[in-house]
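> Give me coordinates for this.
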Amino acid sequence: MTHASGSTRPLSILLLTTILSACADTHGIAPASTGPREVGDLHIESTLAAFHAAPSPWPRLDWWKPYADPGLDALMDEALKANPSLAAADARLRKALAASDLSGTALQPGFTVRGSATFERLSENFQIPPPFGGRWTWLNDARITATYELDLWGKNSAALAAAIGQAEAAEVDTFAAKLLLTTAIGQAYVQLAEAYELRDVTLATLHARQKMLALVKSRVAAGLDTRLDLKQAEAALPMARGDIATHDEAIRLAQDQLAALAGAGPDRGLTIPRPNFQLPPAGAAPVLPANLPAELLGRRPDIVASRMRVEAAAQGITSAKAAFYPDIDLTAFAGLQSFGLAKFFDPGSAVAGIGPAVTLPIFNGGTLRSALGTKAAEYDGAVATYDQTLLNALKEIADRLASLRAVAEQSAQQSEAQATLEAAYGLVVERYKEGLGTYLQVLSAEEQVLAQRSLAASLRARRVIYTVALVGALGGGFESPAPDKTARANK
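Modelled structure (predicted):
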């Protein structure tokens with residue numbers, strides 16, 4: 001045959017070239033995505049600018065330690081040992097590691113040992129003529145066979161790289177599960193502290209109302225107040241006791257939640273002491289790492305795991321493309337074969353062989369194209385998941401900063417309002433004692449003071465909750481185990 005250039009090639013070479021070209025027909029099958037988005041493409045500089053005045057390090061792994069609360073420390077230790085969600089994450093990791101080990105076996109030689117002994121009547125009209133044909137005899141075969149696939153196109157090595165990438169992502173997922181757990185415990189612990197503080201506010205109000213009731217009774221006895229004032233003062237006590245019951249319920253629910261997060265039953269919640277953690281200074285502005293957002297890609301476990309899955313999906317495409325090319329296996333065997341048992345171990349019964357086996361995927365191109373299309377779609381899905389994870393991470397940081405700024409402003413205004421209302425309440429009570437005011441004025445002033453005291457407790461709790469959430473948004477002390485790489489599919 002004459003080549004287009006005028007040279008002559010052997011027919012076998014041209015046939016092999018034609019077969020390989022047909023096998024490797026991947027035209028029109030490629031990912032739609034060009035790769036993951038970079039953090040620089042998602043602008044957050046203006047949002048962060050107001051918080052970079054006092055940069056700080058990234059959160060530490062045991063980020064809750066600076067709160068110096070032994071009860072919180074104990075809950076964290078218990079949860080990290082016994083929470084079922086961590087056990088599930090560990091099981092997923094072990095499954096991914098086993099899958100990577102399984103993929104690695106394709107790159108190693110395989111050995112099998114096989115032996116058989118069959119008492120059989122041999123046909124007189126087949127491979128073995130008489131006198132052996134037509135007789136009953138033992139057919140004995142024992143051999144060791146070794147096989148090795150030549151990974152010429154990188155199919156198996158790419159599949160192994162994809163499996164390792166999935167296993168690494170599962171390992172990072174275990175840290176993400178720990179971060180989710182510890183931040184959930186931190187926030188629930190703050191809610192428990194808030195419930196206790198609100199109960200204190202209501203209990204103090206109850207005591208004040210009891211004293212006021214005694215004063216109203218004396219004024220009614222002296223004819224200075226009416227029975228309407230007395231009934232209003234009496235009604236204020238059960239209302240306060242009802243509020244205390246509500247706070248008791250909130251305390252119990254928070255204890256139950258913390259016990260469950262710690263991997264224990266409800267009785268564990270009954271032993272949780274009242275929180276006694278150190279609060280950050282009121283009005284303190286949040287401080288952020290100086291190298292945010294550049295290093296966020298290696299600090300958020302969910303982002304790192306998503307990136308690893310993108311890279312694994314890219315390796316899956318490489319493996320699927322290599323499947324279009326022929327598989328070449330080398331096989332060697334050695335053993336013994338004999339008719340009858342007498343000469344089975346005779347040197348003349350030895351057999352051995354070695355040779356290649358070639359598999360050409362000529363007529364299953366549709367299956368291979370479908371498999372490649374699946375891998376391309378998986379890559380696009382992994383890229384989309386990564387992009388969404390990155391967007392969510394930046395949004396969480398921005399949201400937490402906005403919330404912390406709002407709480408700081410609200411706390412400043414609330415503190416000023418409470419100081420004014422506390423002073424006004426004191427004046428109203430004094431005027432009432434002197435007979436210059438009414439009990440209705442006392443109730444009105446007390447209600448406003450109670451609202452401000454409760455708001456102060458809630459704002460303190462929200463400040464800590466948002467601080468804990470910011471720790472989670474910044475990755476909770478995680479550091480990527482390997483330099484970040486951009487995954488691109490070979491097209």
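
> my guess is Ile328 is in a strand, correct?
Yes: when DSSP: H, G, I helix; E, B strand; the rest coil is applied, Ile328 is found to be in a strand.

> Tell me the bridge partners for it.
With DSSP bridges as the criterion, Ile328 is bridged to Leu150, Val358.

> Likewise for Arg114?
Under DSSP bridges, the beta-bridge partners of Arg114 are Arg143.

> Would you mind measuring from it to Leu122?
From Arg114 across to Leu122, the span is 21 Å (CB to CB, to the nearest Å). To be clear about C-beta, it is placed using only N, CA and C from the backbone, and glycine gets the same treatment.

> quick one: the strands in the stretch 301-450 of the chain?
With strands called from DSSP state E, counting those that start in this stretch, the stretch 301-450 of the chain shows them at 327-339, 350-359.

> which other residues reach the first one?
Counting by CB atoms under 8 Å, 6 or more residues apart in numbering, strand 327-339 makes contact with 132, 137-150, 152, 155, 344-346, 349-359, 361, all of which sit outside it.

> Under a three-state scheme, what state does the residue of the chain positioned farthest from its centre occupy?
Distance from the C-alpha centroid of the chain peaks at Pro131, with 73.2 Å (CA atoms, centre = their mean). Secondary structure state of Pro131, per three-state DSSP, is coil.

> Next one, pLDDT for it please.
Pro131 is assigned a predicted lDDT (pLDDT) of 76.

> Now do the same contact list for it.
With contact taken as CB under 8 Å, 6+ apart, Pro131 is in contact with no other residue.

> Please report how far it lies from Glu124.
Computed with CB to CB, the distance linking Pro131 and Glu124 is 10 Å.

> Low-confidence bits of the stretch 51-200 of the chain, can you list those?
51-55 (pLDDT under 70).

> circling back to that earlier point, save the strands of the stretch 301-450 of the chain as JSON lines, and put in mean pLDDT too.
Compiled in JSON lines, these are given as follows (pLDDT from 0 to 100):
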{"stretch": "strand 327-339", "mean pLDDT": "86"}
{"stretch": "strand 350-359", "mean pLDDT": "85"}
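
> before we move on, back to that, comparing Arg114 and Leu122, which residue is more hemmed in?
For Arg114 and Leu122, the more surrounded residue by other CB atoms under 10 Å is Leu122, and the numbers stand at 17 against 11.

> Look up how far Gly348 lies from that one.
According to CB to CB, Leu122 and Gly348 sit 19 Å apart.

> Then Leu160?
Between Leu160 and Gly348 the distance is 44 Å, computed by CB to CB.

> repeat for Ala264
Going from Ala264 to Gly348 by CB to CB gives 73 Å.

> what about these two, which has more around it?
Set side by side, Ala264 and Gly348 show unequal neighbour counts under other CB under 10 Å, the larger going to Ala264 at 17 against 7.

> Now the residue nearest to Asn156 when sequence neighbours are not counted, what are its backbone angles?
Nearest-residue entry for Asn156: Ala106, 4.0 Å, with adjacent residues in sequence omitted and distances by CB to CB, 6 or more residues apart in numbering. Backbone dihedrals for Ala106, given as degrees, to the nearest 10, come out at phi -70, psi -20.

> residue contacts, Ala106?
With contact set as CB under 8 Å, 6+ apart, Ala106 has these partners: 149, 151, 156, 159-160.

> From Gln255, how far out is it?
Noted for Ala106: a distance of 53 Å to Gln255, by CB to CB.

> repeat for Val220
With distances taken as CB to CB, Val220 is found 43 Å from Gln255.

> Between these two, which is the more surrounded one?
Neighbours were counted for Val220 and for Gln255 using other CB under 10 Å; Gln255 has more, 20 against 17.

> confidence score at the more buried one?
pLDDT, the model's per-residue confidence, is 95 for Gln255.

> what's the closest non-adjacent residue to it?
In space, Gln255 comes closest to Gly269 once its chain neighbours are excluded; the distance is 3.2 Å by CB to CB, 6+ apart.

> quick one: low-confidence parts of the stretch 351-491 of the chain?
Within the stretch 351-491 of the chain, the stretches with pLDDT under 70 are 362-365, 482-491.

> what are the ranges of the helices in it?
If DSSP state H, counting those that start in this stretch is used as the criterion, the helices of the stretch 351-491 of the chain fall at 365-433, 439-473.

> circling back: helix, strand, or coil at the residue nearest to Gln255?
Each residue gets one of three states, and Gly269 gets helix by three-state DSSP.

> do the same with the one 4 residues further on
Under the three-state scheme (three-state DSSP), Pro273 adopts coil.

> The residue lying closest to it once chain neighbours are set aside: which element?
Once its chain neighbours are removed from consideration, Pro273 has its nearest residue in Gly71; the separation is 4.7 Å (CB to CB, 6+ apart). In this structure, Gly71 sits in helix 70-82 according to DSSP states H and E.

> Now do the buried residues in that helix.
Buried positions in helix 70-82, judged by neighbour count with 16 or more other CB atoms under 10 Å: 71-72, 75-76, 78-80.

> That one packs against which elements?
helix 155-221, helix 227-261 (3 or more CB pairs under 8 Å, 6 or more residues apart in numbering; DSSP states H and E).

> Pick the most deeply packed of the ones you listed.
For the helices and strands packed on helix 70-82, the stretch with the most neighbours on average is helix 155-221, a mean of 20; neighbours defined as mean count of other CB atoms under 10 Å.

> the inter-axis angle of that helix versus helix 227-261?
Angular relation of helix 155-221 and helix 227-261 on a 0 to 180 degree scale: 160 degrees, by axes from the mean of the first three to the mean of the last three CA atoms, to 10 degrees.
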